[in-house]
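# Let's see this in three dimensions:
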Amino acid sequence: MNFKFSLKYYQLSLFFVWFIFLSRAVYLMIVTDRSFIFFELILSAVITQLSVGSFLHTAYKYKMVRFINVFKIAAFVYLNLNYLSIADNIDSAENSFFQFYFINPDYVIRSLLTIIIGMLALDFADLLFRLKLKKLSLIKSRITFSATSNLVLKRKNLFIIISYIYLFILIVMVATGISGYADSVENIEGAALGPFSAVLQFYGFLAPMIILSYLAVVFLNKDKDLRFNRYFKIFFILYIFSTLYAGSKGPVIIICIQLLLFYLAAGNKFPKVIVLVAIPIVLLVFPVVTQYRDQLRTDTGKSRLELLGNAVNSTITGSEKKSESNESTGKALNSRLSMFNIFVYSVENEQLWTEYKHMDRYPYLPVSFVPRQLIPSKPTSDIGAKLNYMVLGLLGSSVTPTTFGWAYFEGGEVYVFISFFLLGCFLSYIQYYLPTKTPFYFVYSLVTLFNMITVENDIYFMIAGQLISIFVCLVFVKIFFKNERKDVTELVYEY
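The predicted model follows:
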């Protein structure tokens, strides 16, 4: 895929973004009678510039994508774009959180301000690191790793064996309720508090490295080994089925996006036929998974396999009408991108959240990778389940108010700025200071880049997870990858 983001495309992109935004803003000004709609739209415009505008500017001027740019684009989609789509009817039942929490218009401005504060904190951290680089005259450039000529997979047979062992263990953990969409609160607490919590974390970070390594070798390195390619296809299909069996939809969406991006990056044309075939499959699969998840919460006495069979049968045989099925699919897909309602809830009800406050967990960050048996008081990752019980009174699943909401729960806007500044420092250090001419940086930066696509995680666990991910990636790359050529092409980006 040979595409150059020239000045022409940059200007066209800016024009398109702001034309759509201003058109929507004018419409909202006409049809909305809320007294503060004008100020809301001003704040929304600032968010658009800090996210989309910044992303386009970096892509054009520096010919690169920063981690914080990807995160801010995701925040724009999940929050700001969602706000713009519902602003004319913001407190209606259709825009509520599961018909339980209706958005309070009085907290919309504060919520939008919170997003701006978080984005400015990320930019401030990024600016400090870039100024430091300039001051030290440390490379006015970023060196990229050429996967096509340099990424060489060694020990192919061992890699294939390890990937399938991983897949087998994943299926076993899902079948036993240790992992996946839990069928009881005990399973959630067991995963977060149990003796194998560190092992589960390690296992979770191994997954994207295996998947991205398969994709990089097959598409970017254009590996001609038919046997390896065949194992890749089988692994890909089985992984999707096992993830759906776990009751998860998000990871399936992400891995499909990864596949499409790597396919295009390899120089292939957009696969229109494949996409058209995939659409009806998605329209069938999503209602099945939605019913399956509902049954996991209610029919706790049955096995996952039996519940999945019931969900498939009820969808295919017509017990759920086709129109209702398509409608539920649309709602399921839309709910993945509609997080403004629960985010406003976190801003309005910050004082009700008592699980952690004032960043009291952050001293544990340097030892976050230590097993819980040695540090029993280490923060647990069950806050999503606890918030779900607080909001809906339901056990057995979790909910997230987005990264911005988790930061706001710490104690308000000041803690949002501090939390996001720390995240920005961590991401900027990875971006600018880690040695880039290595397979480690290539694999690790890809994992981090795709982690930034979602804005659902709490910052403490994001950073703690990255620390574990660095260790896992170092071991993984040391075992499976090597540099075949040393003459890596340098791409210069002037700051």
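# for the record, mean pLDDT for stretch 159-166?
For stretch 159-166, mean pLDDT rounds to 92.
# what's the answer for stretch 238-253, then?
The pLDDT scores in stretch 238-253 average 80.
# With stretch 62-76 instead?
Rounded mean pLDDT across stretch 62-76 is 89.
# in it, what's buried?
Within stretch 62-76, the residues that count as buried by 16 or more other C-beta atoms under 10 Å are 62, 66, 67, 68, 69, 70, 71, 72, 73, 74, 75, 76. Using the backbone N, CA and C atoms, a C-beta is placed for each residue, glycine as well.
# and these, which of them are in helices?
Within the buried residues of stretch 62-76, residues falling in helices by DSSP state H are 67, 68, 69, 70, 71, 72, 73, 74, 75.
# rewinding a little: pipe the buried residues of stretch 62-76 into TSV and attach distance to residue 122 per row.
Converted to TSV, these look like this (distance: C-beta to C-beta, whole Å):
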residue	distance to residue 122
62	16
66	9
67	9
68	5
69	9
70	11
71	7
72	7
73	12
74	12
75	10
76	13
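# Among the residues you listed, which one lies nearest to residue 425?
Nearest to residue 425 among the buried residues of stretch 62-76 is residue 68, at 10.6 Å by C-beta to C-beta.
# returning to that earlier point: farthest-apart pair in the buried residues of stretch 62-76, please.
Within the buried residues of stretch 62-76, 62 and 75 form the most distant pair, 20.5 Å apart (C-beta to C-beta).
# pLDDT score for the closest residue to residue 82 other than its chain neighbours?
If the residues on either side of it in the chain are set aside, residue 82 comes closest to residue 340, at 4.3 Å by C-beta to C-beta, 6 or more residues apart in numbering. You'll see residue 340 listed with a pLDDT of 90.
# please renumber so the chain begins at 34
Done: numbering now begins at 34, and the last item shifts to residue 373.
# quick one: which of the ones in helices among the buried residues of stretch 95-109 is nearest residue 383?
Nearest to residue 383 among those: residue 108, at 18.8 Å, using C-beta to C-beta.
# How about that closest one, nearest residue that isn't a chain neighbour?
Excluding its sequence neighbours, the residue lying closest to residue 108 (C-beta to C-beta, 6+ apart) is residue 488, at 4.9 Å.
# Tell me the secondary structure at the one you found.
What DSSP: H, G, I helix; E, B strand; the rest coil gives for residue 488 is coil.
# Quick check on it: phi, psi?
Here is the backbone geometry of residue 488 (degrees, to the nearest 10): phi -120, psi 40.
# Hmm, residue 145 is touching residue 80, no?
Yes: the pair residue 145 / residue 80 is scored as a contact, 6.7 Å apart, by C-beta atoms under 8 Å.
# re earlier: please name the residues that touch the residue nearest to residue 108.
Taking C-beta atoms under 8 Å, 6 or more residues apart in numbering, we find residue 488 in contact with 104, 107, 108, 111, 112, 372, 435, 436, 437.
# please redo it, this time with the cut-off set to 10 Å
By C-beta atoms under 10 Å, 6 or more residues apart in numbering, the residues touching residue 488 are 104-112, 148, 151, 372, 376, 433, 435-439.
# low pLDDT regions in the stretch 234-383 of the chain?
Across the stretch 234-383 of the chain, the ranges flagged by pLDDT under 70 are 234-235, 256, 330-334, 348-370.
# which residues in the stretch 84-233 of the chain form helices?
Counting by DSSP state H, counting those that start in this stretch, the stretch 84-233 of the chain has helices at residues 87-94, 100-108, 114-119, 141-168, 180-183, 189-208, 218-226, 230-248.
# Can you tell me which of those is packed in deepest?
Comparing the helices of the stretch 84-233 of the chain by mean neighbour count (mean count of other C-beta atoms under 10 Å), helix 100-108 comes out on top with a mean of 23.
# What helices and strands are in contact with that helix?
Here helix 100-108 touches helix 87-94, helix 141-168, helix 435-442, helix 446-466, helix 472-484, going by 3 or more C-beta pairs under 10 Å, 6 or more residues apart in numbering; DSSP states H and E.
# roughly how far out does the first one sit from the chain middle?
Okay, so that is helix 87-94. Distance of helix 87-94 from its chain centroid, counting by C-alpha atoms, centre = their mean, to the nearest Å, is 21 Å.
# Kindly export that helix (C-alpha atoms) in PDB.
In PDB, the C-alpha atoms belonging to helix 87-94 read as follows (Å, rounded to 0.1, in the frame of the first residue of the first chain):
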ATOM      1  CA  SER A  87      -3.300  16.700  16.000                       C
ATOM      2  CA  PHE A  88      -3.300  13.300  14.400                       C
ATOM      3  CA  LEU A  89      -3.500  14.700  10.900                       C
ATOM      4  CA  HIS A  90      -0.800  17.300  11.700                       C
ATOM      5  CA  THR A  91       1.600  14.600  13.000                       C
ATOM      6  CA  ALA A  92       0.900  12.300  10.100                       C
ATOM      7  CA  TYR A  93       1.600  15.100   7.500                       C
ATOM      8  CA  LYS A  94       4.500  16.900   9.100                       C
END
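# now the angle from it to helix 141-168?
30 degrees (axes from the mean of the first three to the mean of the last three C-alpha atoms, to 10 degrees).
# Which neighbouring elements make contact with helix 87-94?
On a contact count with 3+ C-beta pairs under 10 Å, 6+ apart, helix 87-94 meets helix 40-64, helix 100-108, helix 141-168.
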